[in-house]
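In: structure, please.
(chains A and B)
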Number of protein chains: 2
Amino acid sequence: MDFTEKTLESRRIFEGKVIKVRLDRVQLPDGRESEREIVEHVGAVAIVPVDEQNMVYLVRQYRKPLERVLLEIPAGKLEAGEDPLECARRELVEEIGYYPRQMRQMAFYYSSPGFSDEAIYLYLATELEPRESPGEEGEFLDVHRLSLDEAMAKIMAQEIDDGKTIAGLLLAAKHLNT
Amino acid sequence: MDFTEKTLESRRIFEGKVIKVRLDRVQLPDGRESEREIVEHVGAVAIVPVDEQNMVYLVRQYRKPLERVLLEIPAGKLEAGEDPLECARRELVEEIGYYPRQMRQMAFYYSSPGFSDEAIYLYLATELEPRESPGEEGEFLDVHRLSLDEAMAKIMAQEIDDGKTIAGLLLAAKHLNT
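Out: Residues are numbered from 1 along each chain as shown, chains lettered A, B, ... in the order given. Alright, predicted model coming up:
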């Protein structure tokens, strides 16, 4: 069966620096009409950095939409035209001060496909080399180092409440067979 | 260190049925000012339904933001004031025609904390009882039944590209010790 929703009309609501919002009027498979509220996003990368002691690096960062600090794997938005792998290496140096000599893509996924096209490239970073971090303007975060086992225990205790961090750590554990 | 971003001004951009968008001017921890584009969302539930043969039920559904069909675990938006667990039971019956006699919360997480407050309650549903599905108006989907092992293989082959489905299946495998 063809589930395609044909666009009858598309209206631009907002053009921001990070997101764009549009309202589409669509024709459903049964012929009826509906509306779709859509958030366009440039996409992002997220990285699970694991060192030779099986320690993982997470960052604590204030998230304005939630008005609180969240514990997350390092991540960042893609810049226009930027290669996701290059972006991931750049973000890792900026956020935790390590350059990954090995990077493996573990997933490419949509974070909220019901209303947004945001896609996330998820990497496993290993063979970490200390590297002077230039920092990132307007970015404030704390780095936390914990064992992959501790991180998994936190997930099972529901103490991690960031989607990419849950997916990333579970995937890393499978890739590293721990 | 206090990373709080103080709201200086908040402007409503859009009030939709599913999302609301606002633009906040904030003061950063170093005193400088910036803007935050924020998508408010009512929140959602997602369910990994596993039967007694260790088979899992996924749905194929058209996602307008991506203009394609995605393979996902059953999910749905919360209705105003609705209990997440009740919502999850309702969505499961509507989408796959099974009522779960056992439900276990595996995670509560934010899907895109950089720009949205969307939260997802993620459940493991077992002891599935066939139940007449009333269907859901304007919802078109196909149900796919596959083994949890096959689903895990699909994740590792990067053939699943929905965030909640990756997190949900990996968590279910850990909870069920498969």
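In: beta partners of A:Ala107?
Out: Beta-bridge partners of A:Ala107, counted by DSSP bridges, are A:Leu122.
In: check what pLDDT the residue of chain A positioned farthest from its centre gets.
Out: Distance from the C-alpha centroid of chain A, by Cα atoms, centre = their mean, peaks at A:Gly31 (36.0 Å). Here, the pLDDT recorded for A:Gly31 equals 93.
In: next one: A:Glu94
Out: Note on A:Glu94: pLDDT of 95.
In: count the neighbours of it for me.
Out: 18 (other Cβ atoms under 10 Å in any protein chain shown). C-beta: built from backbone N, CA, C; applies to glycine.
In: so who does it touch?
Out: Listed by Cβ atoms under 8 Å, 6 or more residues apart in numbering or on different chains, the contact set of A:Glu94 reads A:76, A:133-136, A:139.
In: ok, now with 7 Å
Out: By Cβ atoms under 7 Å, 6 or more residues apart in numbering or on different chains, A:Glu94 lies in contact with A:133-136.
In: which of these are buried?
Out: Among the contacts of A:Glu94, none scores as buried (criterion: 16 or more other Cβ atoms under 10 Å in any protein chain shown).
In: for the residues you listed, give me JSON lines that also has pLDDT and distance to B:Glu5.
Out: Output for those, formatted as JSON lines (pLDDT from 0 to 100; distance: Cβ to Cβ, whole Å):
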{"residue": "A:Ser133", "pLDDT": "80", "distance to B:Glu5": "22"}
{"residue": "A:Pro134", "pLDDT": "77", "distance to B:Glu5": "22"}
{"residue": "A:Gly135", "pLDDT": "70", "distance to B:Glu5": "17"}
{"residue": "A:Glu136", "pLDDT": "70", "distance to B:Glu5": "15"}
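In: what's the closest of the residues you listed to B:Arg25?
Out: A:Glu136 (20.2 Å; Cβ to Cβ).
In: so how far is chain B from the closest one?
Out: 12 Å (Cβ to the nearest Cβ, to the nearest Å).
In: which one is that residue nearest to, not counting chain neighbours?
Out: A:Glu94 (4.6 Å; Cβ to Cβ, 6 or more residues apart in numbering or on different chains).
In: you'd agree that neighbour is in a helix?
Out: Yes: judged by DSSP: H, G, I helix; E, B strand; the rest coil, A:Glu94 forms part of a helix.
In: chain A - how does it break down into domains?
Out: What automatic domain parsing lists as the domains of chain A is A:6-41, A:44-176.
In: hey, which of these is tucked in deepest?
Out: Neighbour counts (mean count of other Cβ atoms under 10 Å in any protein chain shown) averaged over each of those peak at domain A:44-176, with a mean of 19.
In: how far is it from where the chain is centred?
Out: Domain A:44-176 sits 7 Å away from the centroid of its parent chain (Cα atoms, centre = their mean, to the nearest Å).
In: can you give me the first-to-last residue distance of it?
Out: The first and last residues of domain A:44-176 sit 23 Å apart, counting by Cα to Cα, to the nearest Å.
In: again, but for stretch A:13-20
Out: Termini of stretch A:13-20 sit 8 Å apart (Cα to Cα).
In: please apply the same query to stretch A:148-164.
Out: One end of stretch A:148-164 sits 15 Å from the other (Cα to Cα).
In: likewise stretch A:26-45?
Out: 31 Å.
In: tell me the spacing between the closest residue to A:Phe108 other than its chain neighbours and chain B.
Out: Of all residues not flanking A:Phe108 in the chain, A:Tyr121 sits nearest, at 5.5 Å (Cβ to Cβ, 6+ apart). Per Cβ to the nearest Cβ, A:Tyr121 is found 11 Å from chain B.
In: then A:Val45?
Out: Distance from A:Val45 to chain B, by Cβ to the nearest Cβ: 12 Å.
In: next one: that residue from B:Ala107, what distance?
Out: Distance, A:Val45 to B:Ala107, using Cβ to Cβ, to the nearest Å: 22 Å.
In: cool, A:Val48 as well?
Out: For A:Val48, the distance to B:Ala107 - Cβ to Cβ - is 17 Å.
In: got it, and A:Arg11?
Out: Taking Cβ to Cβ, one finds A:Arg11 at 35 Å from B:Ala107.
In: now do A:Ile120
Out: 17 Å.
In: show me where chain A has its strands.
Out: Assigned strands in chain A, in chain order: A:6-15, A:19-27, A:33-41, A:44-49, A:55-63, A:68-72, A:75-77, A:98-110, A:119-130, A:141-147 (criterion: DSSP state E).
In: which residues of chain A score low on pLDDT?
Out: A:137-138 (pLDDT under 70).
In: what about 90?
Out: Low-confidence segments of chain A (pLDDT under 90): A:1-2, A:80-81, A:132-140, A:177-178.
In: hmm, back to that, mind checking which of the domains of chain A is nearest B:Lys17?
Out: domain A:6-41 (7.0 Å).
In: distance from the closest one to the middle of the chain?
Out: With Cα atoms, centre = their mean, you get 23 Å for domain A:6-41.
In: that one near chain B anywhere?
Out: Yes: counting by Cβ under 7 Å from any Cβ of the partner chain, chain B is contacted by domain A:6-41 at A:13-14, A:16-19, A:21, A:24, A:26, A:28-29, A:32, A:34, A:36-39, A:41.
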